[in-house]
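Asks: Predicted model, plus sequence, below.
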Amino acid sequence: VWMLESLPVASSAEPPKNPPDATVPLTVSKALAQPPSQARLPSLLTAVQAWGETDPRAALAWVQNSTNGFEQWQLTNAILWVWARGEPAAAATYALGLPQEKRASWESLRQVIMAWSRKDPRGALAWVQKLTPGPEQSDLLNLTVFGWAPREPEAAAAFALGYPPGRDRLFFLRSAL
C-alpha cells in the first residue's frame, strides 16, 4: 500500500505562464520566448511577416492583443507591408481603420500606399481618391504619384498636370519628375 502525503506548495512571485496559443505559429512563439533585447525584434519581425504572408488578419490581431509600444508599431507595419504586396486594398483598408493617433505616428497607411503604388499605381490612385479630401489624402496622392512615376512617367505627369493649380499640384509634379 502506497501512501501519498500532501506537501505544501511554494508559491512564486512570477505570474503563471500561459500555455502557448495553438493558433500562433511556432516561429512566433520561439521568437517571443527570447528575452527582450535588440536581437528579439528582428526574429519576431521575420516570424510575423511570414505569418502575415499566409494570414495577415490573424497576425495583426495577435500583434494588437499581445504586444504594445514600439514592438507593436514595428510588427504591425511589417505585416501590413507584406499584406500590401498581395492584397493592397485590404491592407490599406485595415491601416485606414487604425486609430488616428497610431495611423499618424506609425505611418502605416503611408507604407501600404507606397507598396501598392509601386505595384499597381492606378489601383492605389483610385482607392486614395475615394478618401475624404484633406491633408492625409493629399499626402497619399503624392506618394501614389511618386510610386507611379518610375513605371509610367507620362501618365503620372499627366495626372499631376490635370490636378487643379496650387500646392498639391506642385508637389505631384515634383513627385512625377
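Replies: Arrived safely, thanks for sending.

Asks: Flag the shaky bits of this structure, pLDDT-wise.
Replies: Counting by pLDDT under 70, the low-confidence segments of the chain come to 1-22.

Asks: Downstream of the lengthiest helix in it, the next helix or strand is which one?
Replies: Taking residue count as the measure and DSSP state H as the definition, the longest helix of the chain comes out as helix 69-86. On the C-terminal side of helix 69-86, the nearest following helix or strand under DSSP states H and E is helix 88-96.

Asks: Is it correct that W127 is in contact with A91?
Replies: No - at 10.6 Å, W127 does not count as touching A91 under the criterion of Cβ atoms under 8 Å. The C-beta positions use only the backbone N, C-alpha and C, and glycine is treated the same way.

Asks: before we move on, the earlier item: okay, buried residues for the longest helix of the chain please.
Replies: Applying a neighbour-count criterion of 16 or more other Cβ atoms under 10 Å, the buried positions in helix 69-86 are 71-84.

Asks: Neighbour count for W127 and A91, which is higher?
Replies: For W127 and A91, the more surrounded residue by other Cβ atoms under 10 Å is A91, and the numbers stand at 27 against 21.

Asks: which ones are touching the more buried one?
Replies: P56, L80, W83, A84, V112, A115, W116 (Cβ atoms under 8 Å, 6 or more residues apart in numbering).
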